[in-house]
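# let me see the structure of the following:
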Amino acid sequence: MRRFCFTCEEDAAGERVDRLLPSLLEGVSRSYLQRVIKEGGLVVNGKQAKGSLNVKEGDALELELPDAQSPDIPAEDIPLDILYEDSDVIVVNKPKGMVVHPAAGHYTGTLVNALMYHCGDSLSGINGVMRPGIVHRIDKDTTGSVIACKNDAAHMKLSEQFKAHSINRVYKAICLGVIPEDERVIDAPIGRLSSDRKKMGIVPGGKRAVTHVKVLERFADYTFIECRLETGRTHQIRVHLSSIGHPILGDEIYGKAASPLNKRFNLEGQTLHAQVLGFEHPSTGDYVETVAPLPQYFEHLLNVMK
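Residues are numbered from 1 along each chain as shown. All right, here's what the predicted structure looks like:
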């Protein structure tokens with residue numbers, strides 16, 4: 001158990017205590033603190049308090065946070081293609097077929113297993129459970145840049161950037177058909193489909209999603225494109241491209257899995273690559289940008305199409 005003691009200063013008087021505490025405890029989210037407070041973890045002036053309490057100048061605040069629980073995930077010596085690394089963050093180029101985080105059916109061989117071996121104890125563990133550094137994910141068959149954090153403060157700051165959509169995320173993809181426009185913006189809300197809760201789709205009332213598409217090269221039946229995410233919804237690029245009639249080549253969920261080229265080259269999932277990842281460094285504030293080279297299979301496809 002970790003105990004924190006604070007005294008309410010004049011400039012914080014009148015503020016709700018569950019809004020004040022996140023500003024005093026770097027790396028701890030408000031939602032987690034609300035849960036701790038609800039379970040009796042906050043004492044103000046010697047008495048248990050609710051999160052809705054408006055504090056007064058001079059109030060004595062005592063907060064007890066449970067120790068972070070270690071996940072039951074084995075560290076594995078899996079080679080990593082590291083694009084950038086320092087004491088706060090690590091950016092890796094994830095290969096096709098690798099799951100980011102352990103889940104049912106994928107408890108080993110994941111990016112998290114590899115990160116736990118490479119980083120040891122230096123991975124973020126915010127909000128009560130040691131989450132091994134993961135701030136965002138990309139799909140198993142999507143390749144490219146994934147960032148992980150080595151401490152809670154970095155995790156919180158990067159999470160805020162993802163939430164604010166200030167991360168620069170640029171993807172490369174090969175889609176079916178020939179897109180006539182050189183550039184276009186797809187602005188369509190995305191949500192989970194009521195008919196299939198495992199799939200996302202264009203749903204009225206869904207979360208706003210914006211993808212900027214730029215044509216790089218056209219072939220007889222396919223288009224090589226660049227996609228810049230203005231937002232970052234689940235399966236956003238895959239859903240958006242499918243919605244305009246140009247699903248990503250090899251996409252077995254939102255596209256045409258039986259396309260001739262997919263069969264010919266035994267493609268495993270969508271030809272989608274997270275190439276550029278740019279962010280504000282959580283400690284220095286400097287802009288950091290990594291570029292993951294196109295995987296060999298992707299380059300081979302482009303050469304075959306020419």
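
# taking the centroid of this structure, which residue is nearest it?
Geometric centre of the chain, nearest residue: residue 136, 1.5 Å, by CA atoms, centre = their mean.

# surely it is in a strand?
No. Looking at residue 136 with DSSP: H, G, I helix; E, B strand; the rest coil, it is coil, so not inside a strand.

# how about the strands of the stretch 1-150 of the chain, start to end?
Using DSSP state E, counting those that start in this stretch, the strands of the stretch 1-150 of the chain run over residues 2-7, 42-44, 47-48, 60-65, 82-85, 89-94, 143-149.

# tell me the first helix or strand C-terminal of the lengthiest helix in the chain.
Across the chain, the longest stretch assigned as helix under DSSP state H is helix 152-163. Downstream of helix 152-163, the first helix or strand assigned by DSSP states H and E is strand 168-176.

# just the pLDDT for residue 84.
Here, the pLDDT recorded for residue 84 equals 98.

# neighbours of the closest residue to it other than its chain neighbours, just the number please.
Distances taken as CB to CB, 6 or more residues apart in numbering place residue 91 nearest to residue 84, at 4.3 Å, with adjacent residues excluded. Backbone N, C-alpha and C define where each C-beta goes, glycine included. Per other CB atoms under 10 Å, the neighbour tally for residue 91 reads 20.

# how near is residue 91 to residue 265?
In this view, residue 91 and residue 265 are 29 Å apart by CB to CB, to the nearest Å.

# tell me the contacts of the residue nearest to residue 84?
Counting by CB atoms under 8 Å, 6 or more residues apart in numbering, residue 91 makes contact with 82, 83, 84, 85, 145, 146, 147, 148, 277, 290.

# span of stretch 162-177 from start to end?
32 Å (CA to CA, to the nearest Å).

# can you check stretch 265-274 too?
21 Å.

# so for that stretch, what gets flagged as buried?
Using 16 or more other CB atoms under 10 Å as the test for burial, stretch 265-274 gives 267, 269, 270, 271, 272, 273, 274.

# now swap in stretch 57-68 and tell me
Those buried within stretch 57-68 under the rule 16+ other CB under 10 Å are 59, 61, 63, 65, 68.

# give me the pLDDT for the last one.
According to the model's per-residue confidence, residue 68 sits at a pLDDT of 58.

# now swap in the first one and tell me
Reported pLDDT at residue 59 in the predicted model: 93.

# repeat for the third one
The model reports residue 63 with a pLDDT of 90.

# ok, now which ones touch the closest residue to it other than its chain neighbours?
Nearest residue to residue 63 in three dimensions, chain neighbours excluded: residue 4, at 4.7 Å (CB to CB, 6+ apart). Counting by CB under 8 Å, 6+ apart, residue 4 touches 24, 25, 62, 63, 64, 65.
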